[in-house]
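*Asks:* my questions are about this predicted structure, shown below with the sequence.
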Amino acid sequence: MKTYVISDIHGQYTAFEKMLRRIHFGAEDVMYVLGDVIDRGPDGIHIIEDIMRRDNISLILGNHELMLLNAVAYLEKKEAGEDPFADSDAMNPLELWTHPCNGGEGTCLEYSSMSAERKTALISFLRDCALIRRLKVDGKRFHLSHSYSMDRPFSKDEVKLKDVSVKRAEMIVWDSLFDPQFAHHEGEKLLPYKRDNYIVGHIFTQRIGHMDEDGKGIIFHSDDFRGYNVTDIDCGMALNSRSSQLACLCLDTGEEFYIPLLDDRR
């Protein structure tokens, strides 16, 4: 049995399928997908439904899944005659999700064409997903989330969306230790567990200048990034470019696996 983590697939099912074959993913293995399986690419819904059918792959929510859920909740309120954004200059959740900078329009159109039964199953699944998962592998404690964490220790090894406020959920999937806003906090306690190995996505490693000799994003790891052991496994599938790779990390062995996006277009 091996434990794998992968993140930010962004609708590229072919790359995801190739990765499962590459690592010889079997029924005895376990995989955690750290969010953002949808948007930008064509097959996000298909990836979610594939995960739903598997007992050994768990989805941890990213900001794109949360945008989908927020947009659906907003539409439900509008259908009930309530529009909390009617008198606001801010984008409503549907506009935010489908804005070109977030790339959710294709996923939204596909979701709209689904049967009521498929919609219900999808939304129920996502609403029951975790935001954070802590686990031990070979004696090491790993902290898995899309991007960030709670600002204090929590009692369970899994924090689900339904366990936290909307504001706290937004913080977990949008905030990042890599953001410049955290630079002046160096030395302060920003994350709840000093000895955890934090595995995240959300910020593609090209953005922090971590690439191979061909300019492709590769996994970033530091055992002392602002005082924490941090690994970023988002290698830029959202960029939809020659630098984009899908990365997978084996927590048992530390092995890294890559599927370049470019290969999927030939």
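*Replies:* Nice, thanks for sending it over. Numbers count the residues shown, from 1 in each chain.
*Asks:* and residue 224, which of the three is it?
*Replies:* strand (DSSP: H, G, I helix; E, B strand; the rest coil).
*Asks:* what number of residues lie near it?
*Replies:* Neighbour count of residue 224, defined by other CB atoms under 10 Å: 8. Every residue, glycine included, has its C-beta placed from N, CA and C.
*Asks:* repeat for residue 213
*Replies:* Based on other CB under 10 Å, the number of other residues close to residue 213 is 6.
*Asks:* before we move on, what about residue 50?
*Replies:* 16.
*Asks:* grab the nearest non-local neighbour of it.
*Replies:* In space, residue 50 comes closest to residue 13 once its chain neighbours are excluded; the distance is 7.4 Å by CB to CB, 6 or more residues apart in numbering.
*Asks:* hmm, that neighbour is touching residue 43, no?
*Replies:* Yes: the pair residue 13 / residue 43 is scored as a contact, 3.7 Å apart, by CB atoms under 8 Å.
*Asks:* more neighbours, those two?
*Replies:* More crowded of residue 13 and residue 43, by other CB under 10 Å: residue 43, with 23 against 18.
*Asks:* local confidence estimate at that one?
*Replies:* What the model reports as pLDDT for residue 43 is 97.
*Asks:* likewise for residue 89?
*Replies:* In this prediction residue 89 is given a pLDDT of 87.
*Asks:* can you count the residues close to it?
*Replies:* 5.
*Asks:* now do the one 5 residues further on
*Replies:* Neighbour count of residue 94, defined by other CB under 10 Å: 19.
*Asks:* can you give me the strands in the chain?
*Replies:* Taking DSSP state E as the test, the strands found in the chain are 3-6, 30-33, 57-59, 130-137, 140-145, 158-160, 197-200, 220-225, 228-232, 245-250, 256-260.
*Asks:* the third one pairs with which strands, parallel or anti?
*Replies:* Each strand pairing with strand 57-59, determined using DSSP bridges, is listed with its direction: strand 30-33 (parallel).
*Asks:* still on that earlier bit, check contacts around the residue nearest to residue 50.
*Replies:* Counting by CB atoms under 8 Å, 6 or more residues apart in numbering, residue 13 touches 41, 42, 43, 46, 47, 50.
*Asks:* tell me how far it lies from residue 51.
*Replies:* With distances taken as CB to CB, to the nearest Å, residue 13 is found 11 Å from residue 51.
*Asks:* if we can go back for a sec, pick the most buried one from the strands of the chain.
*Replies:* strand 245-250 (a mean of 24; mean count of other CB atoms under 10 Å).
*Asks:* excluding sequence neighbours, find me the nearest residue to the residue positioned nearest the centre of the chain.
*Replies:* Centroid-nearest residue in the chain: residue 35, 1.9 Å away (criterion: CA atoms, centre = their mean). Excluding its sequence neighbours, the residue lying closest to residue 35 (CB to CB, 6+ apart) is residue 62, at 2.2 Å.
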